[in-house]
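J.: Need a 3D model of the sequence below.
(chains A and B)
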Amino acid sequence: MTLDARALARAYRTMKTIREFEERLHVEIATGEIPGFTHLYAGQEAVATGICFDLGPSDYIVSTHRGHGHCIAKGCDVSGMMKEIYGRRDGLCHGKGGSMHIADVTKGMLGANAIVGGGPPLAVGAAIACRQRRAGNVSVAFGGDGSANQGTVFEAMNLAVVLRVPAIFVFEDNGYSEHTGAAYAVGSRDIAGRARAFGMPAEKVDGTDFFAVREAMQRAIARARAGEGPSTIEATTTRYYGHFEGDPQNYRAKDEIARHRETMDCLTHFRARMAQDGGLGVAELDAIDREVLALIDRAVAEARAAPLPGADELTTDVYVRY
Amino acid sequence: MPQISMRDAINQALHQEMARDERVIVLGEDVSGGAGGSSGTRDAAGGIFGVTKGLLPRFGEDRVIDTPISESAIIGAAGGAALAGLRPVAEIMFADFVGVCMDQIYNQIAKFRYMFGGKSTCPVVIRTAMGAGMNMGAQHSQTIYPFLTAVPGLKIVVPSNACDAKGLLIRAIRDDDPVVFFEHKALYPRKAEVPEESYEIPFGEANLVREGEHATVVAIGRMVPFAEKALDALAKDGITCDLIDPRTLSPLDEDTILESLDGTGRLVVVDESPPRCSVAADIAGMAASRGFSLLRAPVAQVTAPHAPVPFSPGLERLYVPGPQRIEAAIRGVIAA
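T.: All right, here's what the predicted structure looks like:
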């Protein structure tokens, strides 16, 4: 299905918002104002955006430690996310979650997850709930090349096939499992092949091409809605920053990131596609860029000004009732 | 009132809650059983101890879900389904297998509500069979509740009889927090009077099983009937004790224990787990810090040894704290 200008603008705005959110965090983290561990998604924007593009709030996603992009693509409030990352009381999780645990259940975003391989079993459970509800909803498990080596992920894939639930497994192969290359750690380097071995269809797509990702996702959604069970999408992509902020990345060739920014950039690809096919003009794209920069500026300013959680909140929200 | 076994009482609770609320689903290994078998017979097992028998024929495959042997997927699926609005009752066949899916229990379902700033609920019940006494060896016999009791975000239930098991499980299914429900295998066939209608037993309210004056005995799970035997023997010598069954270890009804201690001044805690970081140690510590002035003798802890559960029947009998050891411990604190 071809997209109208409005939809194209939405896709570009989402990718650009993720990019600027992460680029800005990279700068702000260096000031020391943001506590803790942050894993940036810059470089992978086309995957989150293409996967979430046709999902609504009643569809679910389960994310990873590198979850900011998934959150934004699933509709989480950018200002609420920024406040959460700054550990503020008005953050999406009241400052109790942080970068690695951003969630908004009302948006179908069931949480970033700091345990590699922790999410896919949860996504199968949400898919069971989707099946029960019979409204055509789907549940997506995001993971990386690293998670493709976790036993929990295989358990989840097998269970989804056995139960024929509307689950979609998305693997973002960004080349690195923390500080170790996927070329070393992923035997066969064929994650889609592993998925097929469980008895579900799996596609390998260019994860820097929004359109390719979205089209693969549309096929997976159609299968899920038809009651044909789970699918897998393996998206090849790259990350522009380290495993976490502060990672010196001495495991990467000196020019690798610059080369990838040159040749694998999803925003550049999108703009090239627009120049070739039409749909959105340069002026419209530039206007979105300015709009997004203003949004991120505002989010950072609001997060800085937001109050910190009070000491009385230390032990609230452990239970509904105890 | 009808006398039924703990197995049947739990089965009744599941039937009643599934009939009451269609969001309640049951999932686990062999909870129905028989899927994919050559006979085509479904409900072939009804759980390895028959606790979930009859649920599949009544409620169907969408709500009674046989899973592969994949404990992490079972608990994760229960957690995800709960975040998405269902009320899953997941079964881990033997409590020992919690080791396989520990991440999903203590990093995932226990922490969602806190990590998400109170904006989610995760109403999962994990039912699991525990305990020694059936010669099942070191990986099918443990009472692993101490290390889950230590996890904030979980509620821990250990019933000691059929009547409590039914009311506590109904409470657990209706609870909006994750609950781990430990069923002692040796208690499954034990019968008690159990009302047929549905009822709830609240969490955090201990049961004062017996009243007495010479000591306070706190016993968990199967240790409750063993403590009763010990008290029967002591009664012949005129020794009587308060016998307290906490029923839930998290939350723990500390006040009932301390009130009893106020009258008796002597405490014996009986726990089938090994002694280090056990619930016995936890309750003894609580009594020492909150009830120090009430104590007239050192607290006695009757526990299993610091060893895995042995296989050979004679050794296993030595492992499990029995009525005689409990009786000796009570006599000890009274003489002290």
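
J.: what's around residue B:27, how many residues?
T.: Around residue B:27 there are 26 other residues, counting by other Cβ atoms under 10 Å in any protein chain shown. All C-beta atoms are positioned from the backbone trio N, CA, C, and that covers glycine.

J.: try residue A:176
T.: Other residues within reach of residue A:176, judged by other Cβ under 10 Å, total 23.

J.: Specify the beta-bridge partners of it.
T.: Bridge pairing for residue A:176 (DSSP bridges) gives the partners residue A:181.

J.: what's the answer for residue B:207, then?
T.: The residues listed as beta-bridge partners of residue B:207 by DSSP bridges are residue B:245.

J.: Now do the contacts for it.
T.: Contacts here follow Cβ atoms under 8 Å, 6 or more residues apart in numbering or on different chains; on that basis residue B:207 touches B:164, B:244, B:245, B:247.

J.: The residues you listed: which two are farthest apart?
T.: Between any two of the contacts of residue B:207, the greatest separation by Cβ to Cβ is 13.0 Å, found for B:164 and B:244.

J.: between the two, who's got more neighbours?
T.: Comparing residue B:164 with residue B:244 by other Cβ under 10 Å, the one with more neighbours is residue B:244, at 27 against 21.

J.: which residues touch the more buried one?
T.: Under the criterion of Cβ under 8 Å, 6+ apart, the contact partners of residue B:244 comprise B:206, B:207, B:208, B:209, B:216, B:217, B:218, B:219, B:256, B:257, B:260.

J.: got it, and residue B:185?
T.: When contacts are counted by Cβ under 8 Å, 6+ apart, residue B:185 touches B:49, B:129, B:130, B:131, B:133, B:134.

J.: returning to what we had before: please render the contacts of residue B:207 as a markdown table that adds pLDDT to the earlier fields.
T.: Formatted as a markdown table, the contacts of residue B:207 follow (pLDDT from 0 to 100):
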| residue | pLDDT |
| --- | --- |
| B:164 | 98 |
| B:244 | 98 |
| B:245 | 99 |
| B:247 | 98 |
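
J.: Just name the closest of those residues to residue B:111, please.
T.: If you rank the contacts of residue B:207 by distance to residue B:111 using Cβ to Cβ, residue B:247 comes first, at 24.7 Å.

J.: The closest one contacts residue B:158, doesn't it?
T.: Yes. Under the criterion of Cβ atoms under 8 Å, residue B:247 is in contact with residue B:158, at a separation of 7.0 Å.

J.: sorry, back to before: report the two of the contacts of residue B:185 separated the most.
T.: Across those (Cβ to Cβ), the longest gap, 13.6 Å, separates B:49 and B:133.

J.: one step back: for residue B:247 and residue B:158, work out which one has more neighbours and name it.
T.: Set side by side, residue B:247 and residue B:158 give different neighbour counts by other Cβ under 10 Å, the larger being at residue B:158 (30 against 26).

J.: Tally up the residues packed near residue A:253, please.
T.: By the other Cβ under 10 Å criterion, the neighbourhood of residue A:253 contains 9 residues.

J.: do you know how far it is from residue A:268?
T.: Using Cβ to Cβ, to the nearest Å, we find residue A:253 at a distance of 21 Å from residue A:268.

J.: Then residue A:200?
T.: For residue A:200 relative to residue A:268 (Cβ to Cβ), the value is 33 Å.

J.: Comparing those two, which residue is more hemmed in?
T.: In this view residue A:200 and residue A:268 are compared by other Cβ under 10 Å, and residue A:200 has more residues nearby, 23 against 13.

J.: pretty sure the more buried one is in contact with residue A:156, am I right?
T.: No. Under the criterion of Cβ under 8 Å, residue A:200 is not in contact with residue A:156, lying 11.5 Å apart.

J.: Would you mind giving the secondary structure of residue 204?
T.: Defaulting to chain A. Each residue gets one of three states, and residue A:204 gets strand by DSSP: H, G, I helix; E, B strand; the rest coil.

J.: hmm, I had chain B in mind actually
T.: For residue B:204, the assignment made with three-state DSSP gives coil.

J.: got a list of what it touches?
T.: Taking Cβ under 8 Å, 6+ apart as the definition of contact, the neighbours of residue B:204 are A:322, B:248, B:251, B:252, B:253.

J.: what are the phi and psi angles of the closest residue to residue B:251 other than its chain neighbours?
T.: Nearest in space to residue B:251, with sequence neighbours left out and distances taken as Cβ to Cβ, 6 or more residues apart in numbering or on different chains, is residue B:204 at 3.7 Å. Taking degrees, to the nearest 10, you get phi 80, psi 10 for the backbone angles of residue B:204.

J.: which SSE is the residue of the stretch 151-300 of chain B found nearest chain A in?
T.: For the stretch 151-300 of chain B and chain A, the shortest gap (Cβ to the nearest Cβ) falls at residue B:176, measuring 4.0 Å. No secondary structure element spans residue B:176, as it lies outside all helices and strands (assigned by DSSP states H and E).

J.: if you skip the residues just before and after it, what's nearest to it?
T.: On the basis of Cβ to Cβ, 6+ apart, the spatially nearest residue to residue B:176 that is not a chain neighbour turns out to be residue A:320, at 4.0 Å.

J.: Next, give phi and psi for the one you found.
T.: Backbone geometry at residue A:320, expressed as degrees, to the nearest 10, gives phi -70, psi -40.

J.: so how many other residues sit close to it?
T.: A total of 14 residues lie near residue A:320 under the criterion other Cβ under 10 Å.

J.: pLDDT score for it?
T.: On the pLDDT scale, residue A:320 is placed at 97.

J.: Does it touch residue B:177 like I think?
T.: Yes. Contact criterion Cβ under 8 Å: residue A:320 and residue B:177 qualify, at 5.3 Å.

J.: Need the overlap of contacts for the two.
T.: B:113, B:121.

J.: Using JSON lines, please lay out the contacts of residue B:185 together with pLDDT and neighbour count.
T.: Formatted as JSON lines, those follow (pLDDT from 0 to 100; neighbours: other Cβ atoms under 10 Å in any protein chain shown):
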{"residue": "B:49", "pLDDT": "96", "neighbour count": "19"}
{"residue": "B:129", "pLDDT": "98", "neighbour count": "24"}
{"residue": "B:130", "pLDDT": "98", "neighbour count": "26"}
{"residue": "B:131", "pLDDT": "98", "neighbour count": "26"}
{"residue": "B:133", "pLDDT": "95", "neighbour count": "19"}
{"residue": "B:134", "pLDDT": "95", "neighbour count": "12"}
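
J.: If we only consider those, which is nearest to chain A?
T.: When those are compared for distance to chain A (Cβ to the nearest Cβ), residue B:129 comes out closest, at 21.1 Å.

J.: pretty sure that closest one is in a strand, no?
T.: Yes. The assignment for residue B:129 by three-state DSSP puts it in a strand.

J.: Surely it and residue B:98 touch.
T.: No. Because the distance of 11.2 Å does not satisfy Cβ under 8 Å, residue B:129 is recorded as not touching residue B:98.

J.: per-residue confidence for residue A:1?
T.: On the pLDDT scale, residue A:1 is placed at 55.

J.: Apologies, that question was intended for residue B:1.
T.: According to the per-residue confidence, residue B:1 scores 88 in pLDDT.
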